[in-house]
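J.: Got a predicted model here, sequence first, then my questions.
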Amino acid sequence: MKRLFVLIALCTCIQFGAKAQRAIGLRLGGGNGFGTEISYQHPLSKSNRLQADLGINGGDNWGGWSLIGTYQWVKPLEGNIRWYYGIGAGLGSWYNKNGGTYHNTGVYISLDGICGLEYVFPDIPLQLALDTRPSIGLINSRGFEMDLAVSVRFLF
């Protein structure tokens, strides 16, 4: 039990010692994505992180949601500019209505990648990013899709 406690304490110190920050904000996408997504980044180290993007979109006769998670490698370029790339998976659902009746609904699963550039402001806790997220549908999808987005995230 004592060893488990020491291991947990050591992992916690390593996590906070990396000085990597969590980030939350909006990913403003286009293409075949869900438009605006809530985006969250959780650091694993200075050079690795997890990102989750939740998109919910719809209109009068259609709607859906998408949750995409990616594992990312982050590399410095110059100053406060970094580039990143990663791989992950997506899960989502959609529906279409015709005259108040649901006639086309489903759940999909995708394999997703991500590649982009980000800038972290030195004096304020703000991150701006531009990325592309290609996606290959595995179940109930249209095949290959590409999403381009600008992100604004608050660092904490």
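T.: Structure's in. What do you need?
J.: For the rest of this, base every contact and every neighbour count on C-alpha atoms.
T.: OK.
J.: So what's the predicted local confidence for Ile139?
T.: Predicted confidence (pLDDT) for Ile139: 93.
J.: Tell me how many other residues crowd the closest residue to Trp65 other than its chain neighbours.
T.: Spatial nearest neighbour of Trp65, excluding adjacent residues (C-alpha to C-alpha, 6 or more residues apart in numbering): Ile56 at 4.3 Å. Using other C-alpha atoms under 10 Å, Ile56 is surrounded by 17 other residues.
J.: swap in Asn98?
T.: Neighbours of Asn98 using other C-alpha under 10 Å come to 11.
J.: Provide a list of residues in contact with the residue nearest to Trp65.
T.: Neighbouring residues of Ile56 by C-alpha atoms under 8 Å, 6 or more residues apart in numbering: 34, 36-37, 63-66.
J.: Equivalent analysis for Ser93, please.
T.: Counted by C-alpha under 8 Å, 6+ apart, Ser93 has contacts 64-66, 105-108.
J.: Those residues in strands, which ones?
T.: Among the contacts of Ser93, DSSP state E puts 64-66, 105-108 in strands.
J.: Would you format these as JSON lines with pLDDT, neighbour count and distance to Ser135 included?
T.: JSON lines is the format used below for the ones in strands among the contacts of Ser93 (pLDDT from 0 to 100; neighbours: other C-alpha atoms under 10 Å; distance: C-alpha to C-alpha, whole Å):
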{"residue": "Gly64", "pLDDT": "90", "neighbour count": "18", "distance to Ser135": "17"}
{"residue": "Trp65", "pLDDT": "93", "neighbour count": "18", "distance to Ser135": "15"}
{"residue": "Ser66", "pLDDT": "93", "neighbour count": "20", "distance to Ser135": "12"}
{"residue": "Thr105", "pLDDT": "87", "neighbour count": "13", "distance to Ser135": "20"}
{"residue": "Gly106", "pLDDT": "91", "neighbour count": "13", "distance to Ser135": "17"}
{"residue": "Val107", "pLDDT": "94", "neighbour count": "15", "distance to Ser135": "15"}
{"residue": "Tyr108", "pLDDT": "93", "neighbour count": "16", "distance to Ser135": "12"}
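J.: quick check, nearest of the contacts of Ser93 to Gly92?
T.: The shortest approach to Gly92 among the contacts of Ser93 belongs to Ser66, at 4.1 Å (C-alpha to C-alpha).
J.: Many thanks, I have nothing further to ask.
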